Each structure stands twice: as C-alpha cells, then as structure tokens.
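Chemist: Got a predicted model here, sequence first, then my questions.
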Amino acid sequence: MMMEHGRHFQHWSRKGEPLHFYGANGFPVGCYQGVLEQLAEQFAVSSLFNRATWPATRMPKSFDWQIYADDLIHFLEHHITKPVIGVGHSLGATATIYAAIKRPDLFSRLVLIEPAMASPWLARILRVAPFKLKRRIQPIKYTVAKPEHWQSKQTFYDDCRSRRVFKRIDDHNLQLLAQHSLIEDEENAYRLTFPKLWEARNYASAPNLYKTLGQLQVPVSAIRGKPSLYFSQKSWQVWQRVSPHSIFLENLNYGHLIPLESPNECARLMLSGIEQSREQVRLSE
C-alpha cells in the first residue's frame, strides 16, 4: 500500500516555490479550485488527494489521522525535491501538522486554516466510544444520513444550496463543490467522490491538538473564520498560548469553510501569512 500513497495527486502549477495543499474531510481537492488557482499564480502548487477518494482503496478498520500525515510524507519524499510551504484546511491542516512534526525537513513553513480538532474531553470520548454511539453526534449524524447516490449534480447542488452550512458559499463556488463532490457510477447516476462512511469515521476520530501544536519546529501562520464546532474559540486561544511566535490571522465574516466561502479573502490571508512568516525569519537571522 505504501507505493500507492503518491499516485493520486494534482499539480496546479510547476513554477515558483513549492506549496502543497491538503483539503478538509469530505471535500475533494477540486472543490478548492477558486483559491488554488490564485495560489498557482505565485507558487508551484500540488495537492495530494485524501486516500478516501483513491479508487479501490479499502477503508481502514481503525481510524487515526496520522495515516493522512504518512500519506503526505510519502508524497513529498517521492514527488517534491525541496521543502514545501505546507498549507492545509481542517483535517488537511491537522494532517499537515502531524507530518511536519514527524518530518520538519520536508517543510519550509506552514499555513494552517482552521485545523480540525476536538476538545480534550470529546477526544477522550471519541477514542473509547463505539461508532454506534458516536454516530448520534453531529456532524457524524448528518454525514451518515446523507445519500451516497444522487440522480444528478444539479440535485446535489440544490440540496447543498438549501443547507445552512453552505449559506456563505456563492453560486459559482457551490457549483464547483457539486461538480467535484460527485463521480459518475456505472448506472449513469452519481455517487459521492468522498464516501460518506469514511467521512463520518474521520469525524468520529477527531483528535485534540492542544499539546501537539507546541511541538512544531517550522514557522507557522494560522488562519481562522468565526468560531465553530470544528474550530472553537478555546482552540484558538490555546494555540496562541502554546505557540506565541506563530502568526495569527482571522476574518470573522466567514466560517470554517472560508476557503470555499471566499477564495479571494482566504488567498489574501494565506499570502499575508506567508509574507509575514518570511519577514519574521529574516528578522531572526
């Protein structure tokens, strides 16, 4: 299986400083087209697909987000020749954190957008509770209940348009979400690119990162929207305390899905974080 890790990825551009983007749970990387195309104007952007979307890949019996970090490490070792700017959103940010702790030599700096984490008490519950109990908790409950198969991308789009979680995403970016979230199956219908049970089990194994964040050895820029279930005010405050030299940026007009809600603003924050990180390193030399 290790030889499979680096086969499912996309290069958005090949000119400039290398930058890797890792997406959120349940969101295929194409959903981020709006923000990645902007980054590709300045960086050599690549994106490893989450293994949940790899064809014919079996779901693991036990879930630990470290597996996504190991996938990223393997990809960078085999496909990128220089340390990268490691950018991640939600689960992708958390996996990038794990990878950078294991292999700091693979990263020049990190830009972490709302890294998904559970509170300490919830993380303990998630570690020991059976899935049949965890599936009663949101967002696991909603994820398990949503259809795996869809008649059309328009039907999927209409369903998303009606849901509160996507209310800040404009029609164009929601169309991108619908386009990349479904793949055609053998019966001329569609199924989820990111299988819902895999997505639900990822939610059900969310870790706590409070102690982990202080272990990072590379420059970090942190980005958040308004506090949410996925990234709380407490998480933001703890992060600032354990990592006081990191750069912290925010726009509270948007939520956890800020890369999809406002690709322009998210790109602006990312570029600002990268530039501030560079300046911070220059001043320390």
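Modeler: Received it, and whenever you're ready, just let me know what you need.
Chemist: part of a strand, is A222?
Modeler: Yes: judged by DSSP: H, G, I helix; E, B strand; the rest coil, A222 forms part of a strand.
Chemist: F63 versus that one, what's the distance?
Modeler: 25 Å (C-beta to C-beta, to the nearest Å). Using the backbone N, CA and C atoms, a C-beta is placed for each residue, glycine as well.
Chemist: now do P147
Modeler: 22 Å.
Chemist: These two: which has the busier surroundings?
Modeler: The neighbour count for P147 versus F63, taken as other C-beta atoms under 10 Å, is higher for F63 (17 against 13).
Chemist: correct me, but the more buried one touches Y203?
Modeler: No: using C-beta atoms under 8 Å as the test, F63 is too far from Y203 to be in contact (9.6 Å).
Chemist: Remind me which helix or strand A116 belongs to.
Modeler: Element membership for A116 (DSSP states H and E) is empty, with no helix or strand holding it.
Chemist: So it sits against A95, correct?
Modeler: No: counting by C-beta under 8 Å, A116 sits too far from A95 to count as a contact (9.5 Å).
Chemist: quick one: which of these two has more around it?
Modeler: Legend: neighbour count by other C-beta under 10 Å for A116 and A95, higher for A95 (28 against 25).
Chemist: show me the residues around the more buried one that make contact.
Modeler: 22, 65, 68-69, 71-72, 88 (C-beta atoms under 8 Å, 6 or more residues apart in numbering).
Chemist: Output the contacting helices and strands for whichever helix or strand H172 is part of.
Modeler: In this structure, H172 sits in helix 171-181 according to DSSP H and E. When contacts are defined as 3 or more C-beta pairs under 8 Å, 6 or more residues apart in numbering; DSSP states H and E, helix 171-181 sits against helix 33-39, helix 153-161, helix 258-261.
Chemist: Show me what counts as buried in it.
Modeler: Residues of helix 171-181 classed as buried: 173-181 (neighbour count, 16 or more other C-beta atoms under 10 Å).
Chemist: how about these, which pair is most distant?
Modeler: By the measure C-beta to C-beta, N173 and S181 form the most distant pair in the buried residues of helix 171-181, at 12.1 Å.
Chemist: A44 contacts L36, doesn't it?
Modeler: No: here A44 does not reach L36: they are 11.9 Å apart, not a contact under C-beta under 8 Å.
Chemist: Who has more neighbours out of the two?
Modeler: L36 (25 against 20).
Chemist: which residues touch that one?
Modeler: 12, 21, 29, 45, 47.
Chemist: same thing but 10 Å
Modeler: Going by C-beta atoms under 10 Å, 6 or more residues apart in numbering, L36 touches 10, 12-13, 19, 21, 23, 29-30, 43, 45-47, 87, 259, 263, 267.
Chemist: all helices of the stretch 1-150 of the chain, in order?
Modeler: 33-39, 66-79, 91-102, 120-128, 131-134, 140-145 (DSSP state H, counting those that start in this stretch).
Chemist: Just say which of those helices is most tucked in.
Modeler: helix 91-102 (a mean of 24; mean count of other C-beta atoms under 10 Å).
Chemist: Could you check the angle that one makes with strand 220-224?
Modeler: 160 degrees (axes from the mean of the first three to the mean of the last three C-alpha atoms, to 10 degrees).
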